[in-house]
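> missing the sequence, but the structure's below:
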């Protein structure tokens, strides 16, 4: 096997591997579901930490306020996203196609 054949074989294998990686990371339908589930998990965490942002009294808010400097970048986007989207039950119901 010559060097040119080895390079061509490597190029074909690398191209196939990269095409599969791109498909799995960005174009596969499961990517959107995984992204939504991660967003829902993050929203649940933020709501558990800062329920007073939505008028829900919580004694834990005093302690979780210490997290605010670390989460300030995400807090504003999270609050805007939660006000703009549909209810949590409606969003979860989308995956079942009733």
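Arrived safely, thanks for sending. Everything numeric in this text was worked out from a predicted model, so none of it was measured.

> from residue 33, how far out is residue 77?
Going from residue 77 to residue 33 by Cβ to Cβ, to the nearest Å gives 21 Å. Any C-beta I mention is one placed from the backbone N, CA and C, and that applies to glycine too.

> residue 82 too?
For residue 82, the distance to residue 33 - Cβ to Cβ - is 20 Å.

> okay, those two: which has more neighbours?
Shown here are residue 82 and residue 33; by other Cβ atoms under 10 Å, residue 82 has more neighbours (14 against 11).

> what secondary structure does the nearest residue to the more buried one once chain neighbours are set aside sit in?
In this structure, residue 82 finds its nearest non-sequential neighbour in residue 43, 6.3 Å apart by Cβ to Cβ, 6 or more residues apart in numbering. Here residue 43 is recorded as helix under DSSP: H, G, I helix; E, B strand; the rest coil.

> can I assume residue 43 is in contact with residue 81?
Yes: with contact defined as Cβ atoms under 8 Å, residue 43 counts as touching residue 81 (7.3 Å).

> who touches both of these two?
Here residue 43 and residue 81 share no contacting residue, scored by Cβ atoms under 8 Å, 6 or more residues apart in numbering.
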